[in-house]
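A.B. asks: here is my input, please return the structure:
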Amino acid sequence: MGLWTFWSFFPVAFVLLFPVHPKFVAQAEISSPRTNDRFYRLDVAPLESCLTPQSKKELVTFSVPSFETEPVAESKPDEEKQLGSETENGFGDDAHAGVKAAPNYPNRSKTPVQKYRNLSEDPRGRPTSNRMSDPAIPIIKKEVKRSVETTYSENLDSGELETQRERFVETVQGGSSSRAEYRRATEDARGSDPKQSEPHLDASTFALSGDSAHNQAMVHWSGHNSSVILILTKLYDFNLGAVTESSLWRSTDYGSTYNKLNDRVGSRTVLSYLYVCPTNKQKIMMLSDPEVESAVLISSDEGASFEKYPISFNILSLLFHPAQENWILAYSHDSKLYSSMDFGRKWQLVHDNVMPGRFYWAVMGLDKESDVVHIETRIAKGRAQYVKCRAQRCTEGNRQYLFPGHVDTNSLVVQDEYVFTQVTKSGRASYFVSYMRESFKRMKLPKYCLPKDMHIISTDEKQVFAAVQEWNQNNTYSLYISDSPGVYFTLSLENLRTSRGPAGNLLVDFYKVEGINGMFLANKLVDNHIKTFITYNKGQTWALLPAPATDVAGNNLHCILPFCSLHLHLEMLENPYTSGPITSKKSVPGIIVATGNIGAELSSTNLGMFLTSDAGNSWRQIFDEEYNIWFLDNGGALLAVLQAATPIRHLWISLDEGKKWDRHSFSLVPLYVDGVLMEPESDNHIITFFGHFSHRSEWQLIKIDYKGLFSRRCMDGDYQTWQLHNKGELCVMGEKQIYMKRRPGNRCMLAQDYSRIYSSEPCVCTAYDFECDYGWERQADGKCSPAFWFNPNGAAKSCSTSQTFLNSTGYRKVLSNNCKEGGRNVFSPRRQSCRPRAPQGLRLSTSQGELSATVGSNVTFMIYLDTGDSQRTSIQLDFGDGIKITYSNLSRTDDGIKHIYRATGIYRVTATAENNQGSDSSTLFLHITSPLERVYLSAPIVAIRGKEANLTAVVRPSHTTTLTFFWWFDNSSEPVITLEGSISYTFLRGGRTKVTVQVASGGAVLQDSKAVTVKEFFRSLLLSFSPALDEHNPDIPEWREDIGRMVRTALSQVSGVPGDQLLVSLYPGVPTTAELFILPDERTSGENKRGGEEALETISDVFVTALNQGLIQFELKADIRIIVYMIQQTLAPLVDSNSIHSGSVMLMLLTVVFVGVAAFFIYKFKRKIPWIHVQTEDNHEKDPEVISTVGQNDSMSKVKLSEFPSPKELMEKELEARSRGAIGRSMERIVTREFPNCTNV
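C.D. replies: Residues are numbered from 1 along each chain as shown. Modelled structure (predicted):
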């Protein structure tokens, strides 16, 4: 199958595009900026539809700037070549083929594809690059460059042009040399027909009247010998970024005449895109321009009638099912994927956040259900998930996540038997593959390849071709080839030429020759020169191309290998209506036509056209300018059209493999050719040229029937045989092959089904029928030897099922090679007995190489053993959480060992391999975390200068040894870093200090901040409030701050103490409590410290009196007044920094000593004091109450000391309050507060 097995139907494939690539269909959109005078390429990629191989075509999108000029007068036959040579080519010299292959777009091997695709966009943001299901390919009208020459006959109407067809044949020997003599073989064709026995073309012209202003067209030929052609012309306004006018034309006679269908689709309907079902080309879908209306128009009869259905989203691209003609996936402008099972009449959402182009239908025969969809969904920047579900049942419960963990965005590729994806960790990418829908395995490249980038080129024949950029490469890539499962890769060719397209996509010069198994062409960088190489054995050996002996004029070239050779441009097709720089066709094996040059390196100047008819062993120059060349009549004839920016009126046809060319006129007036359309693999022999006579003329469609070139159908005697060889070596890909082809010059038509292969005979295998196995490298003598880093005597896992195993000899047979080994089997793996060996090189890792995981997730451990008897080696895995598991042998761990951790922490995971010869072990430390939700900093509001204060960060949910804490103090330039959530800190400077704690867990960081006031001394009082306040307490920080401000204002008003000496802090929970801090006056000097302390005592006494008398009040609402009370008075540690203690401190110490002695006395003699004994027995279960020493009335709230929670409970309460963020409170009668540094009195 082609590189991309799922082709999303090809939007109306404008004309069939490449007969050279029967698996491709072409579609392109040509834009025409008004200021340029040459073509500019947009992103182009071959796309395969979901058709069978016989009906595959290629889809492409491209852009061509316009030329503004007046038409050039008709040139004479001998002037036409010269005129063309003075103009610029329609292709840039650096136009490399291929794209970073887009998902869903089948791509044959000219360029590597797949990987993280970059889309180009049209002015409306619609992806236009290699989307297989991107809308059909608009042709963009070229407006020609102004000329001083006069117009030939611009006013000729289409009828005159149609009746004035000119027929003549001019024979050119050897090509298009300007020195060749042209002769008129027939009469002037204006009024008479040539004799029917002479080769001739029948042409007719049709003008699409009324569409002269339209600058885009989309052409679809139904094919399969259908006579229906559809053309959608559009006026695209580049300033508005929208289609403003459209016309739909339909022909039922192979393009002789067209009917306008605007009335059938709605005269006011503006059509923007045309799609054709690849499995039933009678089914057509068109999209209306979303700027006017969002609708689809559906036809089931090749456009004879349409039904309109409105849709609620804007379709950017479509993907048709490879087998079910009514099943379609649609990708919308808002990254949503929809499915329809009735050809677009009803749509259902499949998934949102889908990456563009990263969705695929099931591969028939591999996926169990045919309606399965493979999707890459974006979950975060740079991170995505691989999701598999059914198109109409993709709810969360029905989704499968087949890859363990996240993948890189734009990395999912589902192609043939393979699923590819990529994961990047710590800047290094790892690539994974699933073969035949089995579990994913890491792709193995040579150990020190160290890839920076990888692109899948092809998955043909159950083998992966990949372009890999190694660590020491910048502008080149290396070609690697895999085994069947796509796991083990070996090097085929280094330093492939690459470049980047306009959208940043990778372009690689690599081309698969059609019709010859194992034959490829590649451009390689050698000593700063680009040279073209060829291989006949699927990349085992590469050689330069021999140059022709003479040029097109017969002059000797004297080009000697290896100093001089032939070099070819290998770019992919950009304009789907041109042949591209290189062409081959499966139906004519051995013939290759390409643009190139002769010399020491590939050049963009002095280009000519070269042809080989013996599969690259010898070449001939056929033109000394660039031409577009197509295969006609199933490959039996060649059509050449000059690449020119000026109008042309002639084409060249060869019936003898390019040795002789007959020139035919296809138009009376020179035509600016926008493209050429033909249907491959058909018997109708129709070609359609489309273009303009001038920038003001209508679209002109010229139908050419070339059946007149042939006199009859080919018979057995019209064929001859030729033998494939490689520089004289007859065994190619393990067999001798003889092919059959038409005798050059015979004017007979080829049958589609004639056999190209005449005979094949297997050969005896040689070393070059094998590629070097993984870990082995090809030496100069052709033998494979182990690389320095590879141990060929490593663990043999196959010993797990038997007493013997197949040991590699360093070779593995090239896939699709048909050689047979002789008596001595020297290359194939040899069966050997399993020898007892002690395990060595045991390695333990997680499946994705990560050393962290979240609580409750499935962690997959992988165990690898370099050396040892895997059958008799037991494996024990200790997960570090008290659970161990043992396996009897290594093979039972191939798919990984899964385990779920239920708690956070750092776990020591140990794997041990043991047998009777010895043991080995490997350890990793796994961090199990849970997402951070909240962090709360518990810090004192007021701290004493020079004394340690305790700071605590409380994290929810709680973590164990997996967090890092960063503590920032005021304007510090560096944080204090701890692994614990608590820290003791000494504030050395008075004033207000901001403390911030940041908590890091993996990539998540949360923080909280508090302001701490630092003083030499202070006083504090505990406060309570009227019960009414609890009913209005939402228990959130903002409310507590506002109430604290109200209390401070009330205290200041009653006492006259300045507000800046007071701090009021409310604590979380109910009943509502607070602490009042009385700070010394800032004007108090150090010498008057004792006086400041006495002043605080006085203020404290005043507040105690006022609080106990109910004088401190504030109004909460109009009818609610809140009274503030004192719970208890506290003595702050008025610590003096001098050695002499203050009197208050001494008094307090004496009091403590006295109370201690009294307690001891009572304890010792309590049995002798009856009332003490009784009181203890009666009340030992009760909590003591703190009662004010000042008289209190009964309405004062009383709080029990036991109701004050622990510090942890306090902080948890604060976290819950912060997270609430709205009105809500706990009605539990608990004072969530502790009172450090306070003494009850």
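
A.B. asks: just the strands in the stretch 1001-1150 of the chain please.
C.D. replies: Remark: strands assigned in the stretch 1001-1150 of the chain by DSSP state E, counting those that start in this stretch are 1004-1015, 1019-1025, 1062-1066, 1073-1078, 1113-1117, 1120-1130.

A.B. asks: make JSON lines out of those strands and add mean pLDDT and distance to A787.
C.D. replies: C-beta: built from backbone N, CA, C; applies to glycine. Below are the strands of the stretch 1001-1150 of the chain laid out as JSON lines (pLDDT from 0 to 100; distance: least, Cβ to Cβ, whole Å):
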{"stretch": "strand 1004-1015", "mean pLDDT": "90", "distance to A787": "43"}
{"stretch": "strand 1019-1025", "mean pLDDT": "92", "distance to A787": "76"}
{"stretch": "strand 1062-1066", "mean pLDDT": "91", "distance to A787": "71"}
{"stretch": "strand 1073-1078", "mean pLDDT": "92", "distance to A787": "74"}
{"stretch": "strand 1113-1117", "mean pLDDT": "90", "distance to A787": "82"}
{"stretch": "strand 1120-1130", "mean pLDDT": "80", "distance to A787": "78"}
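
A.B. asks: make CSV from these and add distance to A207 to it.
C.D. replies: Formatted as CSV, these follow (distance: least, Cβ to Cβ, whole Å):
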stretch, distance to A207
strand 1004-1015, 67
strand 1019-1025, 93
strand 1062-1066, 87
strand 1073-1078, 92
strand 1113-1117, 86
strand 1120-1130, 89
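
A.B. asks: so where's the stretch 651-800 of the chain shaky on pLDDT?
C.D. replies: For the stretch 651-800 of the chain, the stretches flagged by pLDDT under 70 are 680-682, 794-800.

A.B. asks: can you put the strands of the stretch 1001-1150 of the chain in TSV and add mean neighbour count and distance to F465?
C.D. replies: Below are the strands of the stretch 1001-1150 of the chain laid out as TSV (neighbours: other Cβ atoms under 10 Å; distance: least, Cβ to Cβ, whole Å):
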stretch	mean neighbour count	distance to F465
strand 1004-1015	16	41
strand 1019-1025	23	78
strand 1062-1066	21	71
strand 1073-1078	22	75
strand 1113-1117	14	78
strand 1120-1130	20	81
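
A.B. asks: which stretches of this protein form helices?
C.D. replies: All helices of the chain, identified by DSSP state H, fall at 77-85, 158-163, 262-265, 1027-1031, 1037-1055, 1089-1108, 1143-1165, 1170-1179, 1207-1220.

A.B. asks: the residue sitting nearest the centre point of the chain and S499: what is the separation?
C.D. replies: For the chain, the residue nearest the mean C-alpha position is N410 (0.6 Å; Cα atoms, centre = their mean). In this view, N410 and S499 are 20 Å apart by Cβ to Cβ, to the nearest Å.

A.B. asks: list the residues that contact L1076.
C.D. replies: Contacts here follow Cβ atoms under 8 Å, 6 or more residues apart in numbering; on that basis L1076 touches 1020-1023, 1047, 1051, 1062-1064, 1103.

A.B. asks: for T205, list each beta-bridge partner.
C.D. replies: Note on T205: beta-bridge partners by DSSP bridges are I702.

A.B. asks: doesn't I702 make contact with it?
C.D. replies: Yes. With contacts counted by Cβ atoms under 8 Å, T205 reaches I702, the gap being 5.0 Å.

A.B. asks: need the overlap of contacts for the two.
C.D. replies: With Cβ under 8 Å, 6+ apart as the test, T205 and I702 both reach S667.

A.B. asks: separation between Q385 and T421?
C.D. replies: Counting by Cβ to Cβ, the gap from Q385 to T421 is 10 Å.

A.B. asks: overlap in contacts of those two?
C.D. replies: Common contacts of Q385 and T421, defined by Cβ under 8 Å, 6+ apart, comprise 403, 407.

A.B. asks: those two: who's more crowded?
C.D. replies: T421 (23 against 19; other Cβ atoms under 10 Å).

A.B. asks: what pairs with that one across the strands?
C.D. replies: So, taking DSSP bridges as the rule, T421 has F432 as bridge partners.

A.B. asks: so who does R1045 touch?
C.D. replies: Residues near R1045 by Cβ under 8 Å, 6+ apart: V1064.

A.B. asks: swap in the one 5 residues further on?
C.D. replies: By Cβ under 8 Å, 6+ apart, the contact list for A1050 reads 1112-1114, 1124.

A.B. asks: with A391 instead?
C.D. replies: Contacts of A391 by Cβ under 8 Å, 6+ apart are 327, 329, 339, 341, 348, 350, 371-373.

A.B. asks: list phi and psi for it.
C.D. replies: phi -60, psi -40 (degrees, to the nearest 10).

A.B. asks: burial check on S697, number of neighbours?
C.D. replies: A count of neighbours around S697, defined by other Cβ under 10 Å, yields 19.

A.B. asks: and the gap between the residue lying closest to it once chain neighbours are set aside and I928?
C.D. replies: Nearest non-adjacent residue to S697, counting by Cβ to Cβ, 6 or more residues apart in numbering: S212, 6.3 Å away. Distance, S212 to I928, using Cβ to Cβ: 71 Å.

A.B. asks: now do G896
C.D. replies: 18 Å.

A.B. asks: contact partners for the spatially closest residue to Q1061 that is not a sequence neighbour?
C.D. replies: In this structure, Q1061 finds its nearest non-sequential neighbour in L1079, 4.9 Å apart by Cβ to Cβ, 6+ apart. Counting by Cβ under 8 Å, 6+ apart, L1079 makes contact with 942, 1013, 1015, 1018, 1060-1063.

A.B. asks: may I see those organised as a markdown table, with distance to W776 added?
C.D. replies: A markdown table is the format used below for the contacts of L1079 (distance: Cβ to Cβ, whole Å):
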| residue | distance to W776 |
| --- | --- |
| V942 | 75 |
| T1013 | 74 |
| K1015 | 78 |
| F1018 | 80 |
| D1060 | 83 |
| Q1061 | 85 |
| L1062 | 84 |
| L1063 | 78 |
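
A.B. asks: which residue packs closest to G880, ignoring adjacent ones?
C.D. replies: That would be Y907: by Cβ to Cβ, 6+ apart, it lies 3.4 Å from G880.

A.B. asks: count the neighbours of that neighbour for me.
C.D. replies: Y907 has 21 nearby residues by other Cβ under 10 Å.

A.B. asks: what does I560 give?
C.D. replies: Counted with other Cβ under 10 Å, I560 comes out at 10.

A.B. asks: may I have the phi/psi pair for it?
C.D. replies: phi -110, psi 130.

A.B. asks: what do you get for the one 4 residues further on?
C.D. replies: With angles defined as degrees, to the nearest 10, C564 sits at phi -140, psi 140.

A.B. asks: spit out the contact partners of it.
C.D. replies: C564 touches 547, 598-600, counting by Cβ under 8 Å, 6+ apart.

A.B. asks: S711 versus the residue nearest to N746 when sequence neighbours are not counted, what's the distance?
C.D. replies: For N746, ignoring the flanking residues on the chain, the nearest one in space by Cβ to Cβ, 6+ apart is D718 at 4.9 Å. Counting by Cβ to Cβ, the gap from D718 to S711 is 11 Å.

A.B. asks: same question, I863
C.D. replies: 73 Å.

A.B. asks: so which of these two has more stuff around it?
C.D. replies: Using other Cβ under 10 Å as the criterion, I863 and S711 rank with I863 on top: 21 against 13.
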